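# need the 3D shape of this:
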Amino acid sequence: MAHDWQMIASLFGDDEAIPDPDAPEPRHRKPGRDADESVRQGRASLQARDYEVAIEHFRRAMQQGGRNIEAELGAAYENADYLPAAFYQYRKAKKAHAEGELSVGLADLYRRYGRLKDAAQELEEAVAREPENPYLHYRLADILRQNGFKKAAFLAVQGAIAHAGDDAFYHYWAGDLATEMGEFAQAVPALHAAIELSPGDAHLFRLSAIALWGSGKPSEAIRAARLATDLDTDDLKSVAVLAALLTAHGLTEDAQPELEKLKKLDRFDYEESVRILNRIGLPAPVDAPA
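Just a heads-up that it's a prediction; the model follows:
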């Protein structure tokens, strides 16, 4: 769950006691003298990715009379892949504190068990409790997308945008989903908003090129693809998209320099290019790498 445990920890303890992810603490195996020390050592062990030791510390803290430790113990269990134990601890924590981050943890566990419907229900309840939390709207949208309910997912992510309109990621996510659905007219303004907030992101321009082409604006699409290649000259995915658009638009001479660059295209970038070009029905501009 990456650093989600830190969000959970912040619900119950002193934020300053949570280790900085950019400055890992050394591992601590010595038992804590009291519950507070055991919790601090458990957090340090989590940060150091020593999950078994973190479990020991958090369990000891509970034995020492510590309170509200279930969520952090659940995070340690989840990171150690003890999923039933993690689920049990998250459920205990939720009974005492119905916080959105706990619902995210439970939804992740449901997802890992393949119970996507239960994951969606967990997040729907969380959104109803905390409608102003943009992250919960996004996580609900993501699980709906995984369930195949893409239109519902697009509506759900609008809640994230409504409460965090200055976050480029939510606009990008909406635009990406819209292009996946073939709803290019909806994708264009979403990606335009993302670009305004993050104008140096080549990936946004590349995806915008797809949306513009799908919207029947080939010249604008080619311009966006060129901007993507200018922003990141090493990203051959953008070069592949540009070459495909130029070729499809009949600008074969302009496409030749881009096709030369694609001699260095690897299998991963090729497959990513195919995936995104499929959204607008265009083939890859070159054959798959050997």
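
# surely Leu144 is in contact with Ala153?
Yes - the pair Leu144 / Ala153 is scored as a contact, 3.9 Å apart, by C-beta atoms under 8 Å. All C-beta atoms are positioned from the backbone trio N, CA, C, and that covers glycine.

# so what does the helix or strand that contains Asp269 touch, helix or strand wise?
Under the criterion of DSSP states H and E, Asp269 resides in helix 267-277. Helix 267-277 sits against helix 202-214, helix 236-248, with contacts defined as 3 or more C-beta pairs under 8 Å, 6 or more residues apart in numbering; DSSP states H and E.

# export those helices to a markdown table and tack on distance to Met62 and mean neighbour count?
Output for these, formatted as a markdown table (distance: least, C-beta to C-beta, whole Å; neighbours: other C-beta atoms under 10 Å):
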| stretch | distance to Met62 | mean neighbour count |
| --- | --- | --- |
| helix 202-214 | 44 | 25 |
| helix 236-248 | 49 | 26 |
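
# quick one: which of the ones you listed is nearest Ile280?
Proximity to Ile280 (C-beta to C-beta) singles out helix 202-214 among the helices and strands packed on helix 267-277, at 4.9 Å.

# elements contacting that closest one?
Going by 3+ C-beta pairs under 8 Å, 6+ apart, helix 202-214 lies up against helix 168-181, helix 184-197, helix 218-231, helix 236-248, helix 267-277.

# any idea of the mean pLDDT in the third one?
Same thing as helix 218-231. Over the span of helix 218-231, the pLDDT mean works out to 97.

# now do the second one
The predicted model assigns helix 184-197 a mean pLDDT of 97.

# identify the residues contacting that helix?
154, 165-169, 171-172, 174-176, 178-179, 201, 204-205, 207-208, 210-215 (C-beta atoms under 8 Å, 6 or more residues apart in numbering).

# against which helices or strands is the helix or strand hosting Leu136 packed?
Assigning secondary structure by DSSP H and E places Leu136 in helix 134-146. Helices and strands touching helix 134-146, by 3+ C-beta pairs under 8 Å, 6+ apart, are helix 100-112, helix 116-129, helix 150-163, helix 168-181.

# could you check the angle the third one makes with helix 168-181?
Angle, helix 150-163 to helix 168-181, by axes from the mean of the first three to the mean of the last three C-alpha atoms, to 10 degrees: 160 degrees.

# ok, the second one next?
If you take the same axes, to 10 degrees, helix 116-129 sits at 140 degrees to helix 168-181.

# could you dump the helices and strands packed on helix 267-277 to a markdown table with distance to Arg267 and mean pLDDT?
Compiled in a markdown table, those are given as follows (distance: least, C-beta to C-beta, whole Å; pLDDT from 0 to 100):
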| stretch | distance to Arg267 | mean pLDDT |
| --- | --- | --- |
| helix 202-214 | 19 | 98 |
| helix 236-248 | 11 | 97 |
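
# adding distance to Pro289, write those helices out as CSV.
Converted to CSV, the helices and strands packed on helix 267-277 look like this (distance: least, C-beta to C-beta, whole Å):
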stretch, distance to Pro289
helix 202-214, 19
helix 236-248, 10
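
# quick check: the residue nearest to Asn147 when sequence neighbours are not counted vs Ala187, distance?
Distance criterion C-beta to C-beta, 6 or more residues apart in numbering; nearest residue to Asn147, sequence neighbours excluded, is Leu116 at 4.8 Å. As defined by C-beta to C-beta, to the nearest Å, Leu116 lies at a distance of 25 Å from Ala187.

# ok now stretch 240-249, how far from the chain's centre?
Computed by C-alpha atoms, centre = their mean, to the nearest Å, the separation of stretch 240-249 from the middle of its chain amounts to 29 Å.

# what does stretch 52-64 give?
With C-alpha atoms, centre = their mean, you get 30 Å for stretch 52-64.

# average pLDDT for it?
89.

# identify each buried residue in it, please.
Buried residues in stretch 52-64, defined by neighbour count with 16 or more other C-beta atoms under 10 Å: 53-62, 64.

# these into a markdown table, with extra columns for distance to Leu46 and secondary structure?
Formatted as a markdown table, the buried residues of stretch 52-64 follow (distance: C-beta to C-beta, whole Å; DSSP: H, G, I helix; E, B strand; the rest coil):
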| residue | distance to Leu46 | secondary structure |
| --- | --- | --- |
| Val53 | 9 | helix |
| Ala54 | 4 | helix |
| Ile55 | 9 | helix |
| Glu56 | 12 | helix |
| His57 | 9 | helix |
| Phe58 | 9 | helix |
| Arg59 | 13 | helix |
| Arg60 | 14 | helix |
| Ala61 | 13 | helix |
| Met62 | 15 | helix |
| Gln64 | 18 | coil |
